[in-house]
Every structure is written in C-alpha cells, then in structure tokens.
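> with the sequence up front, the predicted model follows.
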Amino acid sequence: MDDKVYLDSNGVTRDSFALARKIYDSGFRPDVVIALWRGGTPVGIAVHEFLHYKGVECYHTAVKTCAYTGIGQCREPVIENMDYVLDRIGPGTKVLVVDDIFDSGATIRAVRERLGRTRAEIRVATLYFKPRRNTAGSGPDFFLREVDSWLVFPHELMGLTPEEIRRKDPEIHALLGL
C-alpha cells in the first residue's frame, strides 16, 4: 500500500487532547470512558486526563477488541473482557467509547451492540474517520480529521517492510537490528 502516512507520538498526543477539547466543548460529560485496546488506549488516556483536569469525574477502562488481520485486511470484530464494564453501566449512564480510527465501523458497531443492551447513552470518539470505508451505517459522534490514507501509528510495526520501518523511525529500525 503506497499511501501510508506515518504518525508520530507527539502528534497523536496533541490530536488526542484536541479531540478531548471537542468532546468537552460539546457539553457531553461521560460517566464512563471505554478506550478500545490497542489503538484507542493512548487516545483514551489523553481524553480521560483532559476531562479529569477539567473536573469531569468518570470511570475509565480499556476493552480489548480486534478486527485487523493485516494492513487493509479485516475479520469480524472480537470483543473481550467487557462483562466487568457492563456491570457498571445502566440506563442513562453516559458512555464514551474512544478509538484511534473509525474505518469500516465494524468494531464500533459490535461494541455499540454490546452496550446497547444497557440502555446507556453511548457516544463514540475517534481521532481519525474514514467515511468512504464506513459500512456501519453511522459514524463517530466526535472525530478530529477525515482521512483516506492508511495511517501507521507510532507503536505499529507488523505489516511494515524493513524499509518502511526505517522511513517511519530510523532509531526503531536500528533497535530491531534491521
């Protein structure tokens, strides 16, 4: 895939705080913040930190989800370790689900379906949104940017060639002994 964009940690962190600002400015005050493991957790941490700093007290946790099998390849989403979160959520609970990117929307749709049984007020926030790839029927409630390119996040290595890793970060390339 030729149209990869390599993101850096500082940029993702700044974008995460900018997303938190959008959420805060909307007036939505979550009772629960659920960050989707893996990619959504750094974003969720920053969103929670921002909200907490601004006086919004909320429970925060991560839920493991997995849908990607490789670059541009997906399977049905798998959601793990969600039962303990569902025990904390009831009718009227304000829930914010945070992820790094909203691509096809399959993962978010699966999470919404699991949360929907609680009759909670559910909102979704992602840094990046790919509306042209969205097959979920709805998009995120909050997002920072629309994108088309394949985004390579700072922590990602799998699916990259040694040359792509070097281009992404020469120091990581050296640490890997490539």
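Received it, and whenever you're ready, just let me know what you need.
> which parts of this structure are strands?
According to DSSP state E, the chain carries its strands in the segments 4-6, 32-37, 59-70, 73-80, 94-102, 121-129, 142-146, 150-152.
> from the contact counts, what lies against the biggest helix by length in the chain?
For the chain, the longest helix by residue count, based on DSSP state H, is helix 9-26. Helix 9-26 sits against helix 40-53, strand 121-129, strand 142-146, with contacts defined as 3 or more CB pairs under 8 Å, 6 or more residues apart in numbering; DSSP states H and E. (Glycine included, C-beta is placed from N, CA and C.)
> and for that helix, what's in contact with it?
42-43, 45-47, 49-51, 54, 56, 96, 100, 123, 125-127, 142-145, 153-154 (CB atoms under 8 Å, 6 or more residues apart in numbering).
> dump the strands of the chain into TSV; add mean neighbour count as well.
Output for the strands of the chain, formatted as TSV (neighbours: other CB atoms under 10 Å):
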stretch	mean neighbour count
strand 4-6	14
strand 32-37	23
strand 59-70	16
strand 73-80	12
strand 94-102	24
strand 121-129	23
strand 142-146	17
strand 150-152	19
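> pick out the shakiest of those strands, pLDDT-wise.
Confidence, taken as mean pLDDT, is least for strand 73-80 of the strands of the chain (a mean of 76).
> do you know how far residue 134 is from residue 58?
Per CB to CB, to the nearest Å, residue 134 is found 27 Å from residue 58.
> now residue 116
Per CB to CB, residue 116 is found 20 Å from residue 58.
> again with residue 40
In terms of CB to CB, residue 40 sits 16 Å off from residue 58.
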